[in-house]
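A.B. asks: Take this sequence and fold it.
(one chain, ligands or ions: 1)
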Amino acid sequence: MVKKPPPPPADQPAPPAPASQGLVRLLDDDGTVPKGKDPNLPPELLRYLYGQMVQIREFDRRVLMLQRQGRIGFYGPILGQEAATIGSVAALERRDWVFPALREGAAALMRGLSLEEAVNQLIGNGKDRCKGRQMPCHYTLKEGNYHGMSSVIGTQISHAVGAAMAARLRGDDVVVLGFLGDGATSANDFHCGMNFAGVYQAPCVLFCQNNQWAISVPIGKQSASETIAQKGKAYGMPYVRVDGNDVLAVYTVTRAAVDRARRGEGPTFVEAVTYRRLGHSSSDDPTRYRDDAEVVAWEKKDPIDRCRAYLVGRGLWDDAEEAALKEGIAQRVNDAIAAAEQHGPPADETLVTDVYAQVTPQLKEQLAEVLALGGRGVNEGAFPL
Ligand SMILES: Cc1ncc(C[n+]2csc(CCOP(=O)(O)OP(=O)(O)O)c2C)c(N)n1
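C.D. replies: Below is the predicted model:
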């Protein structure tokens, strides 16, 4: 019997898991599609997918600059993962639900969050739906069926499966798309959620964005499985591994899984193989734990470049359209930031209102103390937190 080699010592990064295991891929790195593989998506859908990817990339770039300038406190960039989020969310119907993990802000925009509202949330100003009570990037949009993000890794998996089970019990033909990162596959909630989804045939798609890193932990140290996708087998559900930087493949694979769930045929587990090209968040310095060569290699698989080359190849896109798209997006992002920065902070009273059905005497007392100190923002140093 061949003995399995021991795991690498803790101070050495493990090699990444094999990259190509059964990978579904339609677009080559140069944006061409091998003969007979083109899913021939409608031009309007293709333009929409491309426009959304370009928009979130610009938004990402600008708000990261805001963070560096001290105008927002924190941000989690998604550079490189645009196709995985946008291709999958586009496969849903409006009545379906999205339960995001950490990097699906683009989905909130697709579900109707305006750019200004997104910046309001990042600032935590008085117009922020969360009233500054959430960390930046934790958007929420109930009317867009976009569930608020939780920082606690993996919790949303059980929530997504529970919501799908509820829809099934009510007889709604709603499908739930629940996101997770590769790191979340090590969380208890992953196993709990996958198990419930399989046993109760919940109408959901659990979509893992395998971006190769969970902060500084590489995928090779996260799991000894050959692929993340194959974990679906243990829970009795179909699983698929897709090139997460190929928007055509992501859309096509997710669409099939969503249709399957809607037909009452149960959950699907998707692993989208992609890469987090920037730091885990604005607080992280990835040069401390990974090699630049790895980043450069993934830049060559850029999801936006590949999609643009494909559109141009099909005669659906040209330089003039590209310039107009970029100009429009830059203007909208500028306007959103300018508008959001006009709003003041949330009123001090919102610290205690809508926490309980009625403000408790203790909270009233505490609020009075805060106001006596001049309120927050006015007398920050004296705020007895
Ligand atoms: C239960 C829990 N443990 C640890 C953390 C700290 N933490 C925040 S993000 C993160 C890594 C998440 O990695 P992954 O799921 O791969 O998502 P990614 O950040 O790569 O998108 C960790 C460990 C947390 N937020 N929650």
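
A.B. asks: What residues does the stretch 1-150 of the chain have near the ligand?
C.D. replies: Selection of the stretch 1-150 of the chain residues close to the ligand by CB under 6 Å from any ligand atom yields Leu102, Arg103. To be clear about C-beta, it is placed using only N, CA and C from the backbone, and glycine gets the same treatment.

A.B. asks: Would you enumerate the residues in contact with the residue in the stretch 151-300 of the chain positioned nearest to the ligand?
C.D. replies: Closest residue of the stretch 151-300 of the chain to the ligand, CB to the nearest ligand atom: Gly181 (2.3 Å). Gly181 makes contact with Ala101, Leu102, Arg103, Ile153, Cys208, Gln209, Asn210, Asn211, Ala214, according to CB atoms under 8 Å, 6 or more residues apart in numbering.

A.B. asks: The same query, at a cut-off of 6 Å, please.
C.D. replies: The contact partners of Gly181, by CB atoms under 6 Å, 6 or more residues apart in numbering, come to Ala101, Gln209.

A.B. asks: now it, which residues is it bridged with?
C.D. replies: Gln209 (DSSP bridges).

A.B. asks: any idea how far Arg78 is from Lys233?
C.D. replies: Quick fix: residue 78 reads Ile, not Arg. Distance, Ile78 to Lys233, by CB to CB, to the nearest Å: 29 Å.

A.B. asks: Which one's more surrounded, these two?
C.D. replies: Ile78 (26 against 13; other CB atoms under 10 Å).

A.B. asks: Longest helix in this structure, by number of residues?
C.D. replies: helix 43-68 (DSSP state H).

A.B. asks: Any regions of the stretch 151-300 of the chain where pLDDT drops low?
C.D. replies: Within the stretch 151-300 of the chain, no stretch has pLDDT under 70.

A.B. asks: how about the strands in it?
C.D. replies: Assigned by DSSP state E, counting those that start in this stretch, the stretch 151-300 of the chain shows strands spanning 176-181, 204-210, 213-214, 217-218, 239-243, 268-273.

A.B. asks: what comes up buried for the longest one?
C.D. replies: Going back to what we said before, that points to strand 204-210. By neighbour count with 16 or more other CB atoms under 10 Å, strand 204-210 contains the buried residues Cys204, Val205, Leu206, Phe207, Cys208, Gln209, Asn210.

A.B. asks: Checking the closest residue to Gly73 other than its chain neighbours next. Helix, strand or coil?
C.D. replies: In this structure, Gly73 finds its nearest non-sequential neighbour in Pro136, 6.0 Å apart by CB to CB, 6 or more residues apart in numbering. Here Pro136 is recorded as coil under DSSP: H, G, I helix; E, B strand; the rest coil.

A.B. asks: Check what pLDDT Gln12 gets.
C.D. replies: Per-residue confidence (pLDDT) for Gln12: 46.

A.B. asks: swap in Leu351?
C.D. replies: pLDDT for Leu351: 88.

A.B. asks: how many neighbours does it have?
C.D. replies: With other CB under 10 Å as criterion, Leu351 counts 18.

A.B. asks: With adjacent residues omitted, what lies nearest to it?
C.D. replies: Excluding its sequence neighbours, the residue lying closest to Leu351 (CB to CB, 6+ apart) is Leu367, at 6.3 Å.

A.B. asks: packing partners for the strand or helix carrying that neighbour?
C.D. replies: For Leu367, the element it lies in under DSSP states H and E is helix 361-372. Counting contacts by 3 or more CB pairs under 6 Å, 6 or more residues apart in numbering; DSSP states H and E, helix 361-372 packs against no other helix or strand.
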